[in-house]
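K.L.:
take a look and give me a structure for this.
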Amino acid sequence: DSPTYEDDFTGGASGWSFTTGGSGQVAQYNSNQLEFTMKRSTSYNGVIYDLGSGAVSDTKWVIRFKYRITTAGGGHARSYYFGLRSDNSLQEQPSGNDVIGFRPMPQDSRLYIYVRNNGTDGSAYQSGVSLSTSTDYYVEIIRVSASEAKFNIYTNSSYTGTPAFTHTDSSDVSGITDLR
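P.N.:
Residues are numbered from 1 along each chain as shown. The predicted structure is shown next:
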């Protein structure tokens, strides 16, 4: 299958929406990539590209992207996530929305496999997952079926071989629809 949407940002960030706020919070397009500076804050920052209602299958899709942590501070900072959601709002967690995504917390060696079904978080932390700074990771989020999602992190851009991290969620995904 050919991709519904693919972007390497060489043509800019056309179609992407950005919001920033708080002290030191930045989400921006720079040099053919999306960049984030996340610091503990009560403000929400977001970047969104709306594929549109009905554009994404409710049973099968794949997201792949390169992920690199430049620096990671200590403590428990505000997190961020990458994935698909059922609304096109830049609001953090609108009531009743669905999400399937990847929520890294590099400052304390955790990943949050972010599955939100009709506004209810069904996600779980994966403790002890250490992603190094200045290392390129290749993240893959797969909607395997209507009831299963899989998360893989590779250290190669071909997304092959044994992942450095993998997790399958088959308990919270059923009923998640109209991701965009």
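K.L.:
only C-alpha atoms for contact and neighbour calcs from this point on.
P.N.:
Fine.
K.L.:
which SSE is immediately downstream of the longest strand anywhere in the chain?
P.N.:
Determined from DSSP state E, the single longest strand within the chain is strand 136-145. Counting by DSSP states H and E, the next helix or strand C-terminal to strand 136-145 is strand 148-154.
K.L.:
could you name the helices and strands sitting against that next one?
P.N.:
strand 136-145, strand 165-169 (3 or more C-alpha pairs under 8 Å, 6 or more residues apart in numbering; DSSP states H and E).
K.L.:
follow-up on the earlier one: show me what the longest strand of the chain is packed up against.
P.N.:
For strand 136-145, the packing partners by 3+ C-alpha pairs under 8 Å, 6+ apart are strand 61-68, strand 148-154.
K.L.:
can you tell me which of these is packed in deepest?
P.N.:
strand 148-154 (a mean of 21; mean count of other C-alpha atoms under 10 Å).
K.L.:
now that strand against strand 165-169, angle please.
P.N.:
Here strand 148-154 runs at 170 degrees with respect to strand 165-169, directions being taken by axes from the mean of the first three to the mean of the last three C-alpha atoms, to 10 degrees.
K.L.:
tell me the angle of strand 148-154 relative to strand 136-145?
P.N.:
Interaxial angle, strand 148-154 versus strand 136-145 (the same axes, to 10 degrees): 170 degrees.
K.L.:
give the pairing partners of strand 148-154; include direction for each.
P.N.:
Each strand that pairs with strand 148-154, with its direction, by DSSP bridges: strand 136-145 (antiparallel), strand 165-169 (antiparallel).
K.L.:
got a list of what the closest residue to Thr71 other than its chain neighbours touches?
P.N.:
For Thr71, the nearest residue in space outside its immediate sequence neighbours is Thr133; the separation is 5.8 Å by C-alpha to C-alpha, 6 or more residues apart in numbering. Taking C-alpha atoms under 8 Å, 6 or more residues apart in numbering as the contact definition, Thr133 lies against 68-72.
K.L.:
one more: Thr120?
P.N.:
Applying C-alpha under 8 Å, 6+ apart, the residues near Thr120 are Gly96.
K.L.:
find the centremost residue of this structure, please.
P.N.:
Phe82 (1.2 Å; C-alpha atoms, centre = their mean).
K.L.:
beta partners of that one?
P.N.:
Taking DSSP bridges, one finds Phe102 as the beta-bridge partners of Phe82.
K.L.:
correct me, but it touches Tyr112?
P.N.:
No: with contact taken as C-alpha atoms under 8 Å, Phe82 and Tyr112 are classed as non-touching, separated by 10.8 Å.
K.L.:
what sits in contact with each of the two?
P.N.:
Taking C-alpha under 8 Å, 6+ apart as the contact rule, the neighbours common to Phe82 and Tyr112 are 102-103.
K.L.:
distance of Trp61 relative to Ala72?
P.N.:
Applying C-alpha to C-alpha, to the nearest Å, the value for Trp61 to Ala72 is 30 Å.
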